[in-house]
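Asker: A predicted structure for the sequence below; I have some questions about it.
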Amino acid sequence: MQRYSLRTLGPRGRWIALAVILALVLSTATIIGLASRSNDGGTPGGAGPQGDGTQGSGTQSAAPKSFSRPEGASQFRPSYHLTPAKEWMNDPQRPFLLDGVWHYYYLYNADHPEGNGTEWFHVTSTDLVHWKDEGVAIEKFKNGLGDIETGSAVVDQDNSAGFGKGAVVAVMTQQDKGVQRQSLFYSTDKGYTFKAADGNPVMDNPGAQHWRDPKIIRDEARGQWVMALAEGEKIGLYTSKNLKDWRYVSGFERKGLGILECPDLFQLDVDGDSAKRTWVLAASANGTAEGRTTGVAYWTGTFDGTTFTPADDKHQWLDAGSDFYAAVTWDDPRLPENERMASRHAIGWMNNWTYARQLPTTDWQGGADSIVRDIRLKTVQGRPTLVSTPTPALSALDGEARTAATRALTPAGAGELPAPSSGAYRLDVTLERAAGDDGTEAVLKLGNGGSDYATVGYNFEAGTAWVDRAAMVPGAEALGPLFTDRRSAQAPPRGGSAPGSSPERGSVDLTVFVDYSSVEVFVNGGEQTLTSVVLPKSGQPAVSAATAGGTLTLKSFKYTPLATVLTAR
């Protein structure tokens, strides 16, 4: 092989070579996730606004694939989930699209842990997988009304608020001395910078203790804006023509779910049928009374412009895990109406207020965002149900997959399975209780450094999927028993009969997204999901499969390494 040096290239060649080296150096100036700041203060709740933008970055090309994290990443730093570069993050704020770019904000506290108060940190993306750090868009403690908490932003295409056609208008909660009010900020540069509107707050507190997290949607059919506001155990509904003057029109009250936060209101077609278009009202809630933890509860029904009427008083849960909260959903305005109403995106905060401030992360706090999911309404056991699947754009992170052939699954295991090369990967597994199988429960064990830190299981008799996790690192015992409680979800096997009958036959599909500190499980095409923060020991990752007794069939097994998302800072 012939070798070259700068000396042998001559003057002109040396200049060209130096330019190439400089370009390569600059192109590697990236960081993991996104360099956002974090937030820990305000109130444990509030969800959010949407950003926007075209200033500065314009469109963004996807980051190159990388199957190793940058040097210096801390033990639990995710590889492909969104996290701040340092300090604290929590509630997502609903993204919106401008000029082909998604604008997304999340709550962030740069002063954590010494100082309190959150602000809106802005990131942009063209694919909802790779993110570009745009910095703080709305700073805290600037207008005398407190910090910047959860709300929502909309693109005011018709200039209804008077800030200009296409202005971005954000309405969010500000809290000062324990009093929550709603303020309006607007942007005329597509969401990169905001100004406080004259006359804030636009909604003064009527004397309520909990009065926060405004979620605004456009009701085109009636030519109005609609706001859902979290008011303790009630969701208040308001309407406005100009985003400034709001009129209370009705309330949706539910007991037994604790303090409701981060409401959402949207439409979807059941089973993709526009004749069965249905409204969904959702809120982050506390499921302790049902043996759950916090999560996102929702109801399906009708909305007549003033009142939401549920079709069924019994709520459902969007995710059965411990760590999916303050979720926001949004559609893609580029799609034709039938596709736009068939599904929408969703993202949630992967954390739990019970232990959020005690997680043993070092270079940032507040957890991470979930992967972006696509949700749709599907009839499941005779009831419209939100099902979730990983957004297809995530396939851009896929490396070379490895598979294992069909084999028997016993208490001793399933023989050798493809071993993960890093802590960031995806598993696609089909388990079967075939004729002749006498087992009931199958388990996938996720390990690191010689110890299992999480188990994903499925019980064919009960028709339930579950996730068990263990506090494997020093100090994790301080997180409390909630962290090690098993979380389960009802998910009957396909081809089997109803749960509670004789031992089930049939199969179950499990898709498991694993990152360095999280596990997201999608069961049977997303009919159930379970999202969990995990705390593995450092060391070599491993995956194994077995039964709790008897035999089952491992119908298929695929392991796919997932690339690190490198984001320009």
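Answerer: Yep, it's here. Residues are numbered from 1 along each chain as shown.
Asker: residue ranges with poor pLDDT in the stretch 1-150 of the chain?
Answerer: Scanning the stretch 1-150 of the chain for pLDDT under 70 picks out the ranges 1-64.
Asker: Secondary structure element holding residue 446?
Answerer: Residue 446 belongs to strand 441-448 when assigned by DSSP states H and E.
Asker: Now do the buried residues in the helix or strand harbouring residue 108.
Answerer: Taking DSSP H and E as the definition, residue 108 sits inside strand 101-109. Neighbour-count burial for strand 101-109 flags 101, 102, 103, 104, 105, 106, 107, 108, 109 (criterion: 16 or more other C-beta atoms under 10 Å). (C-beta placed from N, C-alpha, C; glycine too.)
Asker: Any chance of JSON lines for these, columns distance to residue 69?
Answerer: Formatted as JSON lines, those follow (distance: C-beta to C-beta, whole Å):
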{"residue": "101", "distance to residue 69": "26"}
{"residue": "102", "distance to residue 69": "24"}
{"residue": "103", "distance to residue 69": "26"}
{"residue": "104", "distance to residue 69": "22"}
{"residue": "105", "distance to residue 69": "25"}
{"residue": "106", "distance to residue 69": "21"}
{"residue": "107", "distance to residue 69": "25"}
{"residue": "108", "distance to residue 69": "22"}
{"residue": "109", "distance to residue 69": "24"}
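Asker: between those residues, which is nearest residue 461?
Answerer: For the buried residues of strand 101-109, the closest approach to residue 461 (C-beta to C-beta) belongs to residue 106, at 41.4 Å.
Asker: From residue 134, how far out is the closest one?
Answerer: Going from residue 106 to residue 134 by C-beta to C-beta, to the nearest Å gives 12 Å.
Asker: Which SSE is immediately downstream of the lowest-mean-pLDDT helix or strand in the chain?
Answerer: Within the chain, no helix or strand scores below strand 30-32, which has a mean of 35 by mean pLDDT, DSSP states H and E. Counting by DSSP H and E, the next helix or strand C-terminal to strand 30-32 is strand 88-98.
Asker: roughly how far out does that next one sit from the chain middle?
Answerer: In terms of C-alpha atoms, centre = their mean, to the nearest Å, the centre of strand 88-98 is set 10 Å apart from its chain centre.
Asker: which helices and strands does that strand pack with?
Answerer: strand 101-109, strand 151-156, strand 325-330, strand 344-350, strand 368-369 (3 or more C-beta pairs under 8 Å, 6 or more residues apart in numbering; DSSP states H and E).
Asker: Which strands and helices lie in contact with the shortest one?
Answerer: This points to strand 368-369. Contact partners of strand 368-369 among helices and strands, from 3+ C-beta pairs under 8 Å, 6+ apart: strand 88-98, strand 344-350.
Asker: and those, which is most packed in?
Answerer: Highest mean neighbour count among the helices and strands packed on strand 368-369 (mean count of other C-beta atoms under 10 Å): strand 88-98, with a mean of 27.
Asker: ok so, going back, ok, then the element right after the strand holding residue 108?
Answerer: Downstream of strand 101-109 (by DSSP H and E), the next one is strand 119-125.
Asker: now that following strand against strand 151-156, angle please.
Answerer: Following axes from the mean of the first three to the mean of the last three C-alpha atoms, to 10 degrees, one obtains 50 degrees for the angle between strand 119-125 and strand 151-156.
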